[in-house]
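Student: Here is the input, now give the coordinates:
(chains A and B)
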Amino acid sequence: MSGICLIDETTSPEDIKTIVRFFARVKGKTLNDVNFDELKENIQTNIPGGLQRRSAYLTHPLFNSHHSEHEMLRYIKSLEAKDLSLCHSMIALGSCTMKLNATTEMVPVTWAEFSKMHPFAPADQVGGYMQLFDELNNWLSEITGFAAMSLQPNAGAQGEYAGLMVIRAYHNDRGDSHRNIALIPSSAHGTNPASAAMAGMKIVVVRCDDNGNIDVADLKAKAEQYKNELSCLMVTYPSTHGVFEESIIEICAIIHENGGQVYMDGANMNAQVGLTSPANIGADVCHLNLHKTFCIPHGGGGPGMGPIGVAKHLVPYLPGHAVVDIERGKSIHAVSSAPWGSASILIISHAYIAMMGSEGLTDATRYAILNANYIKTRLEHHYPVLYTGANGRCAHEMILDCRAFKNFGIEVTDIAKRLMDYGFHAPTVSFPVAGTVMVEPTESEPKHELDRFCDAMISIRHEIDSVEKGLSDKTDNPLKNAPHTASVITANEWEHPYTRQKAAFPLPYVAAYKFWPSVGRVNDTYGDRTLICSCPPLTDYEFEESEVTTPEFGT
Amino acid sequence: MKLNIDYQEKFQARHIAPNQADTAQVLKAIGVKSLDELISQTIPQKIRLKAPLNLPPAKSEFDYLNNLKQTASKNKVFKSFIGQGYNDVIVPGVIQRNILENPGWYTQYTPYQAEIAQGRLQALLNFQTMVVDLTGMEMANASLLDEGTAAAEAMFMQYSLRKNQNANVFFVSKAVYPQTIDILKTRAQPYGIELLIGDHQSVELTDSMFGAIVQYPAGDGAVYDYKDFATAGHEKGIKLTVAVDIMSLALLTPPGEWGADIVVGSSQRFGVPMGFGGPHAAFFATKEEYKRSMPGRIIGVTIDSAGNYALRMALQTREQHIRRDKATSNICTAQALLAIMAGMYTVYHGPAGIKLIAERIHGLTVLLEASLKQLGYEQLNKTYFDTLKFDLGDFTPIAFNT
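Tutor: Model (predicted):
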């Protein structure tokens, strides 16, 4: 038998003594049989010269100037102040569900009982986590209507991949290894085809009709054409266009009739909870973005969690793990390093469900739909709403069409950047339709915040009108020059045909609480042409026009 | 006045913002009489659930936390000497309170709107810089999901870049962490990639191999000199991925100096709690020549409209929403918050501090080996950083109270 012992940052010489005492006792000896203090005085590395690091690292001033706590604190705060977060205003990103991340949900994440647990700790030491996972599994199964969940996938896209691998294993197990075609609607999120490709599937695109719905005739034709090779359909519900498609049950039935499985992308689950469910519409697998519908914060681009739920016939194939025994019989290999993915943030979703209950969760869905339809009502006379359901309603989000403004030179990006001057983060830009924005308010925004946002969008629409009518310059206008930084507004020279007031304080509420973008519009092509992906030393980087401010490196 | 003692604060009323008066106005504006009417106009009747969800009654915030304390107490917090890619850490208080526990850092979205995201873009650039410096590579991305998936991304990148289209074997050192090998198996299967798991010291390199992965230090703690292995591989057109322990690179020659093409690993050790498996940020570093094949989000320097220093996500044309099925990876959400924490850990400690921490870890390991040697235990790793491997013979575990 061999044993491995690892030392970390928290280990002390006393801990070493404890381990030595233990090993001594096994041999019937004591610590006195070791010259511990003598050994302690002369510790030499055993790393041979050739493997010892000679090169310097972390030499940039940034890593050498924030070592007192005050400096560190101020550095962290100086960076934080440049970023717009939910602390400032609604972030109405369609398909991202930027709802409340309640403090109570977050508090336990850093409790030692959760944060200091090793993922491979013995089963008899992790009863708390096991209970939490059991409850969360049951609750999410109830919400999705599925038989079981795998909490392993670490993000939505990884959930997609895991779900498709489960479908693949199912077909293979039934001797249908030739089933490798994934039908994907043209409106799908880009990760869908990417995940299908990773799972070794061939992608056949299904058309959408003029209303943005899946073209059922096209779907049927393709499902029948490939009935011998059909692996699955990947479908988002409600659709990425923000609509509850009437034909979803028929769609799922067509896939099943032709031997395929239905993978539901759970990105829009916030419009389903308590009112309908993936199993109810006929899906076999779905992933849940716990960082959308179930309150894990987005963290500025992660972490997330993308557990998958599956119908009974797929349960045996849910991911296993090489170190911790979570085998289900015919499990696929692991998709994440840790058996339960990013375990500590599962607490957040657990807390959310436990504190909302059935009625609260269902109400969250209802109010998410209410808030979206309110924005639609206020904005549809200013921006065409691209797709709606049979009764003219949107689900929990809507697409505002900005393509017509292109005729007089206004791009959707100009609207996105101009929103910053009003203190808002742009909605989702150019997804799922280029030249549009997709707005999702969530249930966590009060009416007055929705009104502020709508006022901003309407005010921007008036600015667009001015350009269209020739009242504003085509290129030198508040939209094209957005966002306006404090240094631009306070510069000695101001040569634009509109006022500074108009630029920075376009509505009264902005003056009451102004968030200043820290830089002007970024130049994407410049950066891609001369790619620099680490902190540049002052001398290496030349500016083309730096008359406005002195560049601050590494601040 | 009669006093109401049945009042229980409802979390629901905190999470769902619209109040009754506002809701009435909103319903009127939309043109419906009730919320139910709106919902029935929105969701097709035939897919509606017939019964409410069967979930436990809602708890108040106060009750939930009290209850959770009891559940939490069933987790036993002991000193962990397990390792295997996860290490206990000291999270600097200033980072824990002001980043990990701070909604100003955790409630933002991915920095697509760069002009109002310069703070975290800088923090992520710091992370990339730290990874580049410690690994000795030329560029790094701003995080992948975990070490295992980073290794799988590396394998696939090597596969995509292979010159010999018939090469389909990927060599995996048997000393790579078992959970990483498990993920490689999942990812290799659909592409018909054959994994050859073996000893890097004895494996015969062939033309059918397109890549290899080794662990540094190895999964059992041994530190090998892989230089000759890297060189021999390169002669056969085999690219090399090295999975590393980032802390060890403060003392060990970085893989970038001895021939690695890709370096991956977890940055958990830099001040991010173990959390029973995550979340942690994995890193992925490579050479400049592979920049267009690198998975994940990359932060890059550019200028703004006034010509000033500005940051944004670079090379976005590689992303799935543009490349769709041509995308080489489906990475979307990453581990920004944790990458920011790990980067800040190095800002806080600096190179001298990191080196002291690494030296102390290594020194205590040396001390343990020397002590156990005096007791007659045989340690098997000739060279190590923080992990010892003992031959225990017919050892029987015993309970021990200190």
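Student: Check the closest residue to B:Thr383 other than its chain neighbours and give its pLDDT.
Tutor: Leaving aside its chain neighbours, B:Thr383 sits nearest to B:Val223 (4.1 Å; criterion: C-beta to C-beta, 6 or more residues apart in numbering or on different chains). In this view, the C-beta of every residue, glycine as well, is placed from N, C-alpha and C. As predicted, B:Val223 sits at a pLDDT of 97.
Student: B:Val223: neighbour count?
Tutor: 23 (other C-beta atoms under 10 Å in any protein chain shown).
Student: shouldn't it be in contact with B:Asp386?
Tutor: No. Counting by C-beta atoms under 8 Å, B:Asp386 is not a contact partner of B:Val223; they are 10.1 Å apart.
Student: Helices of chain B, start to end?
Tutor: B:12-15, B:20-30, B:35-42, B:61-72, B:93-95, B:103-106, B:118-135, B:147-161, B:178-188, B:227-235, B:320-323, B:336-374 (DSSP state H).
Student: so which of those helices comes closest to A:Arg179?
Tutor: helix B:178-188 (18.5 Å; C-beta to C-beta).
Student: Tell me which residues touch the residue in the stretch 101-250 of chain B positioned nearest to chain A, please.
Tutor: Nearest residue of the stretch 101-250 of chain B to chain A, counting by C-beta to the nearest C-beta: B:Pro190, 2.6 Å away. Residues near B:Pro190 by C-beta atoms under 8 Å, 6 or more residues apart in numbering or on different chains: A:Met165, A:Arg168, A:Met198, A:Ala199, A:Gly200, A:Met201.
Student: same thing with B:Gly376?
Tutor: With C-beta under 8 Å, 6+ apart, B:Gly376 has these contacts: A:Lys27.
Student: Report the contact partners of the residue nearest to B:Thr383.
Tutor: Applying C-beta under 8 Å, 6+ apart, the residues near B:Val223 are A:Ile47, A:Leu51, B:Tyr216, B:Pro217, B:Ser248, B:Leu252, B:Asn381, B:Thr383, B:Tyr384, B:Phe385.
Student: now what about the helix or strand where A:Arg461 lies, what contacts it?
Tutor: Using DSSP states H and E, A:Arg461 sits in helix A:447-468. Contact with helix A:447-468 is made by A:89-90, A:92, A:371, A:374-375, A:378-379, A:382-383, A:400, A:405, A:408-410, A:415, A:418-419, A:422-424, A:441, A:471-474, A:477-479, A:506-507, A:509, B:17-18, B:22, B:25-26, as judged by C-beta under 8 Å, 6+ apart.
Student: Likewise for stretch A:401-421?
Tutor: Residues outside stretch A:401-421 that contact it (C-beta under 8 Å, 6+ apart): A:84, A:383-386, A:425-427, A:429-430, A:433-437, A:456-457, A:460, A:463-464, A:467-468, A:474-475, A:478-480, A:482-484, A:503-504, A:506, A:510, A:515, A:517, A:521, B:113, B:115-116.
Student: Just the endpoints, please. Distance across that stretch?
Tutor: One end of stretch A:401-421 sits 21 Å from the other (C-alpha to C-alpha, to the nearest Å).
Student: Enumerate the positions of it that are buried.
Tutor: A:401-402, A:405, A:410-421 (16 or more other C-beta atoms under 10 Å in any protein chain shown).
Student: Can you get me the centre-to-centre distance for it and its chain?
Tutor: 25 Å (C-alpha atoms, centre = their mean, to the nearest Å).
Student: Kindly report the same for stretch A:291-301.
Tutor: For stretch A:291-301, the distance to the chain centre is 6 Å (C-alpha atoms, centre = their mean).
Student: could you give the mean pLDDT of it?
Tutor: The average pLDDT within stretch A:291-301 is 97.
Student: just stretch B:15-22 next, same as before
Tutor: Per-region confidence: stretch B:15-22 scores 98 on mean pLDDT.
Student: about what we covered before: which neighbours do B:Val223 and B:Asp386 share?
Tutor: B:Pro217, B:Ser248.
Student: mind checking how far A:Val262 is from B:Lys46?
Tutor: According to C-beta to C-beta, to the nearest Å, A:Val262 and B:Lys46 sit 17 Å apart.
Student: Give me the more crowded residue out of these two.
Tutor: Shown here are A:Val262 and B:Lys46; by other C-beta under 10 Å, A:Val262 has more neighbours (26 against 11).
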